[in-house]
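1. Please work out how this folds:
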Amino acid sequence: MPVDPNALVTWANAITAGRLVLSPAMFLVIPDHQRGAWLAYLLWFALSLSDGIDGWVARRHGTTSTGAFLDPLADKVLVLGAMFTLVSRDMFPLLPVLLIAGRELVISVYRVLVGSKGVSVPASKIAKYKTVVQQLAVGFALWPWFAADYRWLWMGLLWLAVALALVSGAQYLFASRAARK
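-> Purely as a prediction, here's the structure:
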């Protein structure tokens, strides 16, 4: 049964809100060593998986304006919160996380500005890949089977996420310039 696009309470929005509320708990269980931790990894896995689930539910039953706002917010809180927590635990270097956070800030401001003019800016394919690669970078850094011995893997994924973030950010900005002309 389709939902009203103005509905506040939907299954997809409930999943998204749950991800938003549980994110700080996940940050608290991120270990302060480079061996990973099962609790942090499993919570990360569940919260990352919920991102796909709420999207699937929303596409099946209908999207809402609340969900369109909450979902990207929950993604940013979860991913950037985990990344900055990993920076504070000396697992991630600060520079790539700042580059990703800067891109998120610029594109979020851009979305708000064009949104105030009634223009919707859906996530591009590259931006969706960026989100998945960010989730993988954090996941492998937390997963005890990979955290200590495969640092190269999650660091490579982190830098790939930076590249995708910058490319997708540039895509949005170039598309906005082309639209203005």
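
2. contacts and neighbour counts: CA atoms only from here.
-> OK.

3. pretty sure residue 79 is touching residue 132, no?
-> No: in this structure, residue 79 is not within contact of residue 132 by C-alpha atoms under 8 Å, at 10.1 Å.

4. between those two, who's got more neighbours?
-> residue 79 (22 against 15; other C-alpha atoms under 10 Å).

5. Following element in sequence after whatever helix or strand that one lives in, please.
-> Taking DSSP states H and E as the criterion, residue 79 maps to helix 65-88. Moving toward the C-terminus from helix 65-88, the next helix or strand (DSSP H and E) is helix 94-115.

6. So for that following helix, mean pLDDT?
-> Helix 94-115 shows a mean pLDDT of 91.

7. now the helix or strand following that helix and helix 65-88, what's the angle there?
-> Sequence-wise, the next helix or strand downstream of helix 94-115 (DSSP H and E) is helix 125-142. Going by axes from the mean of the first three to the mean of the last three C-alpha atoms, to 10 degrees, helix 125-142 is angled at 40 degrees with respect to helix 65-88.

8. What's the local residue count around residue 106?
-> There are 12 residues near residue 106, going by other C-alpha under 10 Å.

9. what separates it from residue 143, distance-wise?
-> The spacing between residue 106 and residue 143, counted by C-alpha to C-alpha, to the nearest Å, is 31 Å.

10. which non-adjacent residue is nearest residue 131?
-> In space, and not counting its chain neighbours, residue 131 is closest to residue 161: 7.6 Å by C-alpha to C-alpha, 6 or more residues apart in numbering.

11. tell me the pLDDT at the spatially most central residue of the chain?
-> With distances taken as C-alpha atoms, centre = their mean, the residue of the chain nearest its centroid is residue 75 (3.4 Å). We have a pLDDT of 91 for residue 75.

12. dump the residue contacts of it.
-> Taking C-alpha atoms under 8 Å, 6 or more residues apart in numbering, we find residue 75 in contact with residue 51.

13. Just the angle for the longest helix along the chain relative to helix 65-88, thanks.
-> Determined from DSSP state H, the single longest helix within the chain is helix 151-180. On the basis of the same axes, to 10 degrees, helix 151-180 is oriented at 140 degrees to helix 65-88.

14. Which elements pack onto helix 151-180?
-> Under the contact definition 3 or more C-alpha pairs under 8 Å, 6 or more residues apart in numbering; DSSP states H and E, helix 151-180 sits against helix 94-115, helix 125-142.

15. where's the first one relative to the chain centroid, distance-wise?
-> Helix 94-115 has its average C-alpha position 12 Å from the chain's average C-alpha position, going by C-alpha atoms, centre = their mean, to the nearest Å.
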